[in-house]
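Engineer: Build me a structure from this.
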Amino acid sequence: MGITQISDTKSWEVDVINSDVPVFVDFWAEWCGPCRMVGPVVEELANDYDGKVKFVKVNVDEANELASKYNVFSIPTLILLNKGEIVSQQVGAASKESYQSMIDRALA
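Structural biologist: Below is the predicted model:
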């Protein structure tokens, strides 16, 4: 599956809100150092949970409407949605294990 890049609300509706599996969303920006540290971890998770969870990256500079809709004031912000509802959220960089526990709780 890999990671889907989203920059508009139409893609968001299709790829996130209407997804039949939980969606792990990484709100990030090019200029954000901690975001660049989180990126490879999110890629690993996308491989680990392939087929069970969809992974999406939202560049807040390109999709500030989505960022403000989800009250993303600080990046990286990682949100896990299931059936369009937020089930978990992490602001700031965290460990792979922390993100895994977010995902595992949603899959349980």
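Engineer: Which of the residues in stretch 48-66 are classified as buried?
Structural biologist: Y49, V53, K54, F55, V56, K57, V58, N59, V60, A63, L66 (16 or more other C-beta atoms under 10 Å). C-beta here means a position set from N, CA and C on the backbone, and glycine is covered the same way.
Engineer: pLDDT averaged over that stretch - what is it?
Structural biologist: Mean pLDDT, stretch 48-66: 94.
Engineer: and if you look at stretch 97-108?
Structural biologist: Here stretch 97-108 scores 93 as its mean pLDDT.
Engineer: from the chain's centre, how far out does it sit?
Structural biologist: Taking the mean of its C-alpha atoms, stretch 97-108 sits 13 Å from the chain's own mean (C-alpha atoms, centre = their mean, to the nearest Å).
Engineer: Just the C-alphas of it, formatted as PDB.
Structural biologist: What follows is stretch 97-108, C-alpha atoms only, in PDB (Å, rounded to 0.1, in the frame of the first residue of the first chain):
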ATOM      1  CA  GLU A  97       6.700   1.700  19.900                       C
ATOM      2  CA  SER A  98       4.500   4.600  20.900                       C
ATOM      3  CA  TYR A  99       2.900   4.700  17.400                       C
ATOM      4  CA  GLN A 100       2.600   0.900  17.400                       C
ATOM      5  CA  SER A 101       0.600   1.000  20.600                       C
ATOM      6  CA  MET A 102      -1.700   3.700  19.100                       C
ATOM      7  CA  ILE A 103      -2.300   1.400  16.100                       C
ATOM      8  CA  ASP A 104      -2.600  -1.800  18.000                       C
ATOM      9  CA  ARG A 105      -5.300  -0.300  20.300                       C
ATOM     10  CA  ALA A 106      -7.300   0.700  17.300                       C
ATOM     11  CA  LEU A 107      -7.000  -2.700  15.700                       C
ATOM     12  CA  ALA A 108      -8.000  -4.600  18.900                       C
END
